[in-house]
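*Asks:* how does the following fold in three dimensions:
(one chain, ligands or ions: 1)
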Amino acid sequence: MRVFVTGASGFIGSAVVTELLGNDHAVLGLARSDAAAAKLAAAGADVHRGALGDVASLRSGAAAADAVIHLAFVHDFANWADSIRLDIQAVETIGETLAARGGNLPFAIASGLIGIAPGRVATEADLPPAEWPRGRSEMILRELAGKVRTSAVRLPPSVHGPGGGGFSQVLMAMARAHGRTGYLGDGSAKWPAVHVTDAARVFRLAIERAPAGSRLHAVGETGIPLREITGAIASRLGVPVGPVDAADAPKLFGFLAPFLGLDASSSADKTRALLDWSPLGPKLLADIATVLK
Ligand SMILES: NC(=O)c1ccc[n+]([C@@H]2O[C@H](COP(=O)([O-])OP(=O)(O)OC[C@H]3O[C@@H](n4cnc5c(N)ncnc54)[C@H](OP(=O)(O)O)[C@@H]3O)[C@@H](O)[C@H]2O)c1
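*Replies:* Prediction:
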């Protein structure tokens, strides 16, 4: 297939481009800058110039492909509502374009896992809470099912590998800046994780064979206690680690503070069975010890 990939120049997008090109697909990657265009061309992808806010560029990209993987996102936590609005607009635009063409064309988007099912292990059966950040985008996919073969690929807060580590990478940067790290309470809240190459494989399998309306969990590890994640960061950086008072959390963790007490444990049992997918890449703590920067 010729796959239009938004966010193709990003951390996960780059792994998705490699995964697609290595499995007999062609890639048309969205690029908003010369640097992104050069990166995509060097990887062997065709370049589609445009931007998330430029709906005409999203329409023409989706019209020129057999499938779409949507990964572009503005990670501006100070203007989170605007980022979500732009994401919803992009999902609507691409979805409408594919629906108008008919033929149940595949469309996979990135979604998340924090807050899907607080207090228990989240599964693919869980619908997101109404107010949840990517909830509207997932709902649009459900509405398109029947006309478009949609999949929401839910990613853990730490997609990790060379070049990135999601929230764990941010925690590491904050630990470096403050000369210490820590956790809330006893640090037993758990975050799931996945290696970036394993996540990329889920996106490829999603467009190849997931049924319409799929919710897929690209989860390699169900849940790693924050005590262990921050302990690995402390060992890597040689900084102290310990419990942090809730009142000090915003100073030490910035925008991540509200997430540190949230257990986001998630299973991928249905995804593994549906796609015959198993995670193969290194585990998060190993990557924190050697690969994350
Ligand atoms: N990394 C994780 O651990 C993680 C965890 C959960 C969910 N996710 C989600 O997975 C998706 C991909 O994440 P990532 O880690 O690969 O992000 P990333 O490395 O920050 O890449 C973001 C991509 O979006 C593009 N982009 C940003 N603003 C754009 C705009 N206005 N117009 C066009 N393109 C734009 C970037 O292009 P440039 O190269 O030009 O900047 C880049 O290709 C996102 O939806 C993210 O929220 C990631």
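*Asks:* so for Arg134, what's the pLDDT?
*Replies:* Here, the pLDDT recorded for Arg134 equals 89.
*Asks:* what does Pro128 give?
*Replies:* Pro128 is given a pLDDT of 89.
*Asks:* ok, it touching Ile116?
*Replies:* Yes: the pair Pro128 / Ile116 is scored as a contact, 5.8 Å apart, by Cβ atoms under 8 Å. In this view, the C-beta of every residue, glycine as well, is placed from N, C-alpha and C.
*Asks:* contact partners for His217?
*Replies:* Neighbour list for His217: Leu113, Ala122, Thr123, Glu124, Arg154, Ser266, Ser267, Ala268, Lys270, Thr271 [criterion: Cβ atoms under 8 Å, 6 or more residues apart in numbering].
*Asks:* give me the nearest residue to it, chain neighbours excluded.
*Replies:* When the adjacent residues along the chain are set aside, His217 lies closest to Ala268, with 4.1 Å between them (Cβ to Cβ, 6 or more residues apart in numbering).
*Asks:* look at the one you found and say how many residues are nearby.
*Replies:* As a burial measure, Ala268 scores 27 neighbours (other Cβ atoms under 10 Å).
*Asks:* up against the ligand, what does the chain have?
*Replies:* Applying Cβ under 6 Å from any ligand atom, one finds that the chain approaches the ligand through 7, 9-13, 30, 32-33, 36, 51-53, 71-75, 110, 112, 155, 157-159, 164, 166.
*Asks:* next step: these restricted to strands.
*Replies:* Leu30, Ala110, Gly112, Leu155, Ser158, Val159 (DSSP state E).
*Asks:* spit out the contact partners of the last one.
*Replies:* Applying Cβ under 8 Å, 6+ apart, we find Val159 in contact with Phe11, Ile12, Gly165, Gly166, Ala193, Val194, His195, Val196, Ala199, Ala218.
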